[in-house]
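Chemist: Need a 3D model of the following:
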Amino acid sequence: MANIEIYELTCNHKTNPVGIDDREPRLSWKLRSTDRGFLQGAYRLQAAEDESFAQPPVWDTGKVESGQSVLVSYKGEALRPRTRYFYRVKVWGANGAESEWSAPAFFETAYYSEEEWGGADWISYPLPADEQGNEPIAYLRKSIRLKGPIAAARIHATALGAYKLFVNGRAADDTHLNPGWTSYGKRLQYQTYDVTGLLTEGDNALGAMLGNGWYRSELGFQPERLYGNTRALLAKLHVRYADGSEEIVGTDGSWKGSDGALRLSEIYHGEIHDARLEKKDWCLAGCEDGGWGNAEPYAYGKTTLVAQENEPVRQVEELVPVSVITTPRGETVLDLGQNMVGWMRFTVQEKAGTTITLQHAEVLDREGNFYAGNLRTAKQKITYICSGEGPETFEPTFSFQGFRYVKVEGIPAERIAGRFAGCVLTSDLKPAGRFRCSDPLINKLADNIVWGQIGNFVDVPTDCPQRDERLGWTGDAQAFIRASTYNRNVAPFFAKWLKDLAADQQPDGGVPHVVPEVKMAGHNSAAWGDAAVICPWVVYERYGDERVLRDQFASMKGWVEYIRAQGDNEYLWNTGFHFGDWLGLDAKENSYVGATPRELIATAFYAYSTGIVAKAAKALGFEREEAEYAKLHDRVVSAFREEFVTPSGRVASPTQTAYAVALMFDLLDEKDRPQAADRFARLIEESGNQLTTGFVGTPYLCHVLARYGYGELAYRLLERREYPSWLYPVVRGATTIWEHWDGIKPDGSFWSDDMNSFNHYAYGAVGDWLFGAVAGIDADAEEPGYRRIKLCPLPGGSLTYAEATLDSPYGEIRSAWSRGGNGGIVYELTIPANSSADVVLAGAKLAGAKDSGQPLASAAGVSRVTEAPQGLSFRLGSGVYRIELEQ
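Modeler: Numbers count the residues shown, from 1 in each chain. Got it, this is the predicted structure:
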């Protein structure tokens, strides 16, 4: 057999997913070969219900002459619900060499219709609030008897509220905060659990804790419950016995309900748990539930139910406190050493009735005391009342916190060590890339960007994870999405969120400021609503996921058509509310909005989004829409120039953000761009080599400078340590990205309490430049998903080396450079099999250029070598390269 290894088979970007409702799931695989320039020439896919493939498959493509190895749509027999399908692939190289069959992978279907929920009804168990107004969490249970040996068992479940499912006293799986946060009135996710190993022949018990979750907690700026007042559960157990017979158990009026130890659970405020009220056997078959009440039926439809699409929330890491602090006020505070999102798990042994409280915060004040002012009304408080029955271990169930510091009361400081741990929660997205360089502070910045993403990607992309907000702000998401793709595989995460965006989109195409929508937050700001267009395009560009683009295309068009209908001029957007360059440092006193005119930003994004819609139409083969939106784009660009650019090519508003968006979006006449870039650079130099941009301008700042030959100035901005800069918070001890450049001021005081998050990923958009320019790894939309890689590393600044790796849909990409002792530069580049890379090495000469000691132009896998004034360009096939350039 040929030198071909097939590995990492995935379905819809996931490994062996259980519980999908996709009728045409997409299958992918990766290839390895030691042969340089390896390309797949053909593939053969098979899918079957038996892992051995001994029976005729439900799908056999035969040999397909194609290089496609990413997201091949299933086209076999109609998939049956609740069925596991195995699939395997073999490939042929472009030279005809044939691989062996891959090891099989699988996907398992859930429900395809509302009718398949038959036998299960929505149930509720209302509980009155106590005298403090706290509403206990409901505990629901059902005793069942199974008649024989079990071959397989699945539970499909969801809730209005949040739920935690148990089988015979054990959690059904390791996920949290189900069913997640969606636009509940239009889309409600359900989960599928493989509980085969948790059930046994004979007596069993099913149980669920039913809390408020996002559905019923206080959220955002709403004075009332956002979605509904009644918590409810829907669940259906399918048991297949060893003899082939089946049994169904669904939620109905026979289920029992009660309150229990968990007396309060709110997203913002935390939990109250009274261990004296625990029903320890509540989810065991032998539980005496005679005193329990009967669950009540709840009238709610099933038409909005969809199988979970994104990765679930899990605990991905555990942090041990690095110290126990006694503050100047005498407070006992745990320092986790890292601003994190999740909760504390602790084990205590105290007398019955002892009350232990944990309050969570991100920073200490300048005196070293516990500080929670920036949480606003969010309490972030855990109250635990001990039972006194030996060691007691607790962690929250339906509430999460954003924190580094935990103030502990009710237990002596000397009994804390070794008893507390921080449980890091996030959507369990597959790690993708890593950036490292010779500057430890920049490495810490890269780590902080990752931690900010981990903490704010808890089922939806939120602005912050700690205060009374935690909402899916669209502007933050579009600003950060490119950087996010380098850190984690975010394709299913954003595919799910974008469906909620489309569901919440107004009939006229308007887009909410936050998704899922919180109506009081508002709608239709430039650079915020543009998430409807920018985010699907980035997913397509970085993952080659055409379906996301197709699914969202109507939403993308809707947003552009909304803009077109605004104002007096069809090609300018000069009306309505806009956030502008939010938190720009050139804002007027007592204003959050930077100095760049809002109508300039709005029209710039109008042009940018219209151009993307034209490109999306081309990618999808929609020729009419491509022509229509390309024409509209040209007219908006012309209107922008007439309104905001002087006849001599100057941007009328001389701000960093105005020049950044005008140059990034190609809004200036081509002949005017070099001088505009020079003015842009001089604006930065005249400000003392410091940035003044906010949320809108910052993502593009370094990209524009590098594109127009001012890479060293971009490096000066990156390496700056004084305020304002990316490294100033790092120098101040930050472990995540801050909302404000000066969240903690040089004198140790804070920005205003009303808006000062210390975990806010927007300015982490610079991570896109670290990976995409310093290391130089980028995608080519003409061959998306890194089928064709752009490699344009940019040595500069005081760095002596930089390196990035990225696990792309085709395999690992690596780009590293280092300065040699003789003044030369060495580039180490890895291109995965079945892909290629267009490389540009700025300022390089062909003379003396070598690959592993051989002349570059004649090296295997190297082609299209061209020397130009801007540098050396060439194409690489797959393989590992070491390219040395003389001084």
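
Chemist: make it CA atoms for all contacts and neighbour counts henceforth
Modeler: Fine.

Chemist: Remind me which helix or strand the residue nearest to A361 when sequence neighbours are not counted belongs to.
Modeler: Nearest non-adjacent residue to A361, counting by CA to CA, 6 or more residues apart in numbering: F403, 4.7 Å away. F403 belongs to strand 401-409 when assigned by DSSP states H and E.

Chemist: do A477 as well
Modeler: helix 474-487.

Chemist: Figure out how far that helix is from the centre of its chain.
Modeler: Here the centre of helix 474-487 is set off from its chain's centre by 8 Å, with CA atoms, centre = their mean, to the nearest Å.

Chemist: and the longest strand along the chain, which strands flank it?
Modeler: If you go by DSSP state E, the chain has its longest strand at strand 332-348. Taking DSSP bridges as the criterion, strand 332-348 forms sheet pairs with strand 323-326 (antiparallel), strand 392-394 (antiparallel), strand 401-409 (antiparallel), strand 420-427 (antiparallel).

Chemist: so of these, which one's packed in deepest?
Modeler: strand 401-409 (a mean of 24; mean count of other CA atoms under 10 Å).

Chemist: how about the helices in the stretch 101-250 of the chain?
Modeler: Here the stretch 101-250 of the chain has its helices, by DSSP state H, counting those that start in this stretch, at 213-216.

Chemist: swap that for the chain, please
Modeler: 213-216, 440-456, 474-487, 491-504, 531-543, 546-564, 598-620, 623-644, 656-664, 673-686, 701-707, 711-719, 727-731, 766-769 (DSSP state H).

Chemist: I'd like the average pLDDT over the strand holding F403.
Modeler: In this model, strand 401-409 has a mean pLDDT of 98.

Chemist: What lies in contact with it?
Modeler: 268, 270, 331-343, 356-364, 370, 380, 455, 465-466 (CA atoms under 8 Å, 6 or more residues apart in numbering).

Chemist: ok, 6 Å please
Modeler: Contacts to strand 401-409, defined as CA atoms under 6 Å, 6 or more residues apart in numbering, come from residues 332-336, 338-343, 356-362, 380, 465-466.

Chemist: repeat for stretch 788-807
Modeler: Here stretch 788-807 has contacts from 432-438, 712, 715, 773-780, 812-819, 835-840, using CA under 6 Å, 6+ apart.

Chemist: from these, which would you call buried?
Modeler: Using 16 or more other CA atoms under 10 Å as the burial test, these include 432-437, 712, 715, 773-780, 812-819, 835-840 as buried.

Chemist: Sketch out the low-pLDDT regions of the chain for me.
Modeler: 1-2, 223, 887 (pLDDT under 70).

Chemist: What separation do you get for V316 and G422?
Modeler: According to CA to CA, to the nearest Å, V316 stands 11 Å off from G422.

Chemist: and the nearest residue to V91 once chain neighbours are set aside, how many residues sit next to it?
Modeler: For V91, ignoring the flanking residues on the chain, the nearest one in space by CA to CA, 6+ apart is Y43 at 4.2 Å. A count of nearby residues for Y43, using other CA atoms under 10 Å, gives 21.

Chemist: quick one on the thing from earlier: ok now the strand holding F403, how far from the chain's centre?
Modeler: Centroid separation for strand 401-409 versus its chain: 24 Å, with CA atoms, centre = their mean.

Chemist: got the CA positions of that strand in CSV?
Modeler: Listed next in CSV are the C-alpha coordinates belonging to strand 401-409 (Å, rounded to 0.1, in the frame of the first residue of the first chain):
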residue,chain,number,x,y,z
GLN,A,401,-18.8,32.9,38.0
GLY,A,402,-16.1,35.0,36.5
PHE,A,403,-13.2,35.4,39.0
ARG,A,404,-9.6,35.1,40.1
TYR,A,405,-10.2,35.9,43.8
VAL,A,406,-12.6,34.2,46.2
LYS,A,407,-13.5,35.7,49.5
VAL,A,408,-14.3,32.8,51.9
GLU,A,409,-16.3,33.3,55.1
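
Chemist: rewinding a little: will you turn the helices of the chain into a markdown table that also has distance to D742?
Modeler: Formatted as a markdown table, these follow (distance: least, CA to CA, whole Å):
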| stretch | distance to D742 |
| --- | --- |
| helix 213-216 | 31 |
| helix 440-456 | 15 |
| helix 474-487 | 18 |
| helix 491-504 | 30 |
| helix 531-543 | 27 |
| helix 546-564 | 34 |
| helix 598-620 | 24 |
| helix 623-644 | 31 |
| helix 656-664 | 19 |
| helix 673-686 | 19 |
| helix 701-707 | 19 |
| helix 711-719 | 16 |
| helix 727-731 | 7 |
| helix 766-769 | 17 |
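
Chemist: Of those helices, which is nearest L277?
Modeler: helix 213-216 (21.8 Å; CA to CA).

Chemist: Counting neighbours, show which residues of stretch 487-503 come out buried.
Modeler: Buried-residue list, stretch 487-503, by 16+ other CA under 10 Å: 487-503.

Chemist: what angle do the helix holding A477 and helix 531-543 make?
Modeler: Put simply, helix 474-487 runs at 10 degrees to helix 531-543, going by axes from the mean of the first three to the mean of the last three CA atoms, to 10 degrees.

Chemist: name the helices or strands packed onto helix 474-487?
Modeler: Packing partners of helix 474-487 (3 or more CA pairs under 6 Å, 6 or more residues apart in numbering; DSSP states H and E): helix 531-543, helix 766-769.

Chemist: Kindly reformat those as TSV and extend each row with mean neighbour count.
Modeler: Below are the helices and strands packed on helix 474-487 laid out as TSV (neighbours: other CA atoms under 10 Å):
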stretch	mean neighbour count
helix 531-543	25
helix 766-769	25
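
Chemist: G785 is nearest to which of those helices?
Modeler: Across the helices and strands packed on helix 474-487, closest to G785 is helix 531-543 (CA to CA), at 3.9 Å.

Chemist: Pull up the gap between S265 and D174, please.
Modeler: According to CA to CA, S265 stands 19 Å off from D174.

Chemist: count of residues packed around A587?
Modeler: A587: 18 surrounding residues under other CA under 10 Å.

Chemist: OK, contacts around the closest residue to G93 other than its chain neighbours?
Modeler: Once flanking residues are discounted, G93 sits nearest to Q40: 4.4 Å by CA to CA, 6+ apart. Shown in contact with Q40 (CA under 6 Å, 6+ apart): G67, W92, G93, A94, N834.

Chemist: Counting neighbours, which of these comes out on top?
Modeler: Result: N834 is most packed of these (other CA under 10 Å), 26 neighbours.

Chemist: Quick check: end-to-end length of stretch 647-658?
Modeler: 17 Å.
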